[in-house]
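Chemist: okay, sequence plus prediction incoming.
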Amino acid sequence: MIRVVLPGHLCQLARVEGELALEVPAPATQRALLDALEAAYPVLRGTIRDHATKRRRAFLRFYACERDLSLEESDAPLPAEVASGAEPFLVVGGLAGG
Amino acid sequence: MPAVRVLVGTKKGAFVLESDAGRKKWEVSGPHFPGWEVYHLKGSPADPGRIWASQSSGWFGQVMQRSDDGGRTWEAVGNEFAYEGTPGTHMWYDGTPHPWEFKRVWHLEPSPTDRDTVYAGVEDAALFRSTDGGKSWQELAGLRGHGSGPQWQPGAGGMCLHTILIDPRDPKRMFIAISAAGAFRTDDGGATWKPINRGLRSQYIPDPEAEVGHCVHRIAMHPSRPDTLFMQKHWDVMRSDDGGDLWREVSGNLPTDFGFPIEVHAHEPETIYVVPITSDEHHFPPDGKLRVYRSRTGGEEWEALTQGLPQKDCYVNVLRDAMAVDGLDECGVYFGTTGGQVYGSADSGDTWAPIVRDLPAVLSVEVQTLR
């Protein structure tokens, strides 16, 4: 199972609290993870990545294992610690404003 | 059962205010969708339990919500707004072509007769419709495609389609308005559109009497006289008596004719309301006095309504979708401010009182008359 942490706004929308655990088919990639997330929580479609292009929304970032994975190819393998469930995959709202 | 339900969209969530016909004691529920911008909520005339809400965020995009129990519970519905065909370009602030990009839903207009049909006015300006209760949305692409689309340019708040009026005699006849393109009308259910901006004069565009390019802030109509339209333009209050074919100015003795909302009394089609704002540079009321102005003559002659409104040190704004009327025997008038107050009048505007004082900045106010 892959662990996912959503920002508060999306937890509210998906009506979940705390971490999620998702079954993601191998190979575990960003695309496979987000496909699984949207299949389990259809209300999140369009809120993390664009409906049509599947590109990450501009002000969201993906972090895991103390690394910024936002610019990784969506078909690149996720870190082994994420794939194994040892570390969570974080969806983070980028800071803005002042 | 309440007699009146006021739907308030704010920068940080939605609120539902309910009262009996006395409109003195109010029950407040919310925030619904806390932390999200709610540009607009509107109830279905065909089923008052059904309410539509536009929930959005710069981070997470657009979410559409529907309630079937008067705003107590909500269900997210479809949120995919895809422009028809190749979107093409409109004009950017600097005059260069810019691709059409969906940003958010500004205004929702439910069908007067079908609970599952609702129109959505969006930024970048386009009109969408759902006929399946919000599951899916289709663009009425004839509007962007009628020819002048590449010349449309955003106003300071974005290139938004913010007004949708449906002619009660003929639902195929609709009026929409876009900042800063102007007003448009369809007579065939949205297949074809024509600009209806003749008579408008805007000094801030290269050709002050251009066919498109006017910053229309709001249009209002009384259902008994669908050929008469009232407009608050960037500057100027206007009226048309021929479905928008020709406009004339009716600003008359207003202290300033800049403003955002305009509304029509529920039972008196020549009684209209505006909230004058100092200028496009100073988005607050003149002299720090929050005054609604009422004309009982369809414009030109205006009176200030001040009783119960702050007349000192008040520097809020009232946005274009933040005023509405109820249909009770003594017409109620409501508006919300960027300071988070929602004011109500149960006597056609003669006297006012705050219903709530400390909400987030109010983006929209709509009213459902329930009995």
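Modeler: Okay, I see it. Numbering: from 1, shown residues only, chains lettered A, B, ... in the order given.
Chemist: any idea how far chain A is from the residue sitting nearest the centre point of chain B?
Modeler: Centroid-nearest residue in chain B: B:Asp321, 3.3 Å away (criterion: CA atoms, centre = their mean). For B:Asp321, the distance to chain A (CB to the nearest CB, to the nearest Å) stands at 23 Å. For glycine as for every other residue, the C-beta is placed from the backbone atoms N, C-alpha and C.
Chemist: ok, now which ones touch that residue?
Modeler: Residues in contact with B:Asp321 (CB atoms under 8 Å, 6 or more residues apart in numbering or on different chains) are B:9, B:39-40, B:106-107, B:162, B:218, B:261, B:363-366.
Chemist: same thing but 6 Å
Modeler: Taking CB atoms under 6 Å, 6 or more residues apart in numbering or on different chains, we find B:Asp321 in contact with B:40, B:364.
Chemist: cool, and the one 10 residues further on?
Modeler: With contacts defined as CB under 6 Å, 6+ apart, B:Cys331 is in contact with B:265-267, B:325, B:348.
Chemist: again, but for B:Gln153
Modeler: B:91, B:180.
Chemist: doesn't it lie inside a helix?
Modeler: No: with DSSP: H, G, I helix; E, B strand; the rest coil as the criterion, B:Gln153 is coil rather than part of a helix.
Chemist: relative to chain A, how far out is it?
Modeler: 23 Å.
Chemist: can you tell me which residues in the stretch 1-150 of chain B are near chain A?
Modeler: B:35, B:59-61, B:76, B:79-80 (CB under 6 Å from any CB of the partner chain).
Chemist: okay, now the nearest residue to B:His32 once chain neighbours are set aside: neighbour count?
Modeler: Leaving aside its sequence neighbours, B:His32 sits nearest to B:Ala14 (CB to CB, 6 or more residues apart in numbering or on different chains; 4.3 Å). The number of residues packed near B:Ala14 is 31, by other CB atoms under 10 Å in any protein chain shown.
Chemist: ranges for the strands of the stretch 201-350 of chain B?
Modeler: Secondary structure of the stretch 201-350 of chain B (DSSP state E, counting those that start in this stretch): strands located at B:216-221, B:229-233, B:237-240, B:248-249, B:258-264, B:272-277, B:292-295, B:303-305, B:323-325, B:333-336, B:342-345.
Chemist: closest one to A:Val24 among the ones you listed?
Modeler: If you check each of the strands of the stretch 201-350 of chain B against A:Val24 by CB to CB, strand B:333-336 wins as the nearest, at 44.9 Å.
Chemist: what sits up against the closest one?
Modeler: Strand B:333-336 is contacted by residues B:6, B:8, B:318, B:322-325, B:342-345, B:349, B:362, B:365, B:367 when judged by CB under 6 Å, 6+ apart.
Chemist: parallel or antiparallel, list what pairs with that strand.
Modeler: strand B:323-325 (antiparallel), strand B:342-345 (antiparallel) (DSSP bridges).
Chemist: thank you, goodbye.
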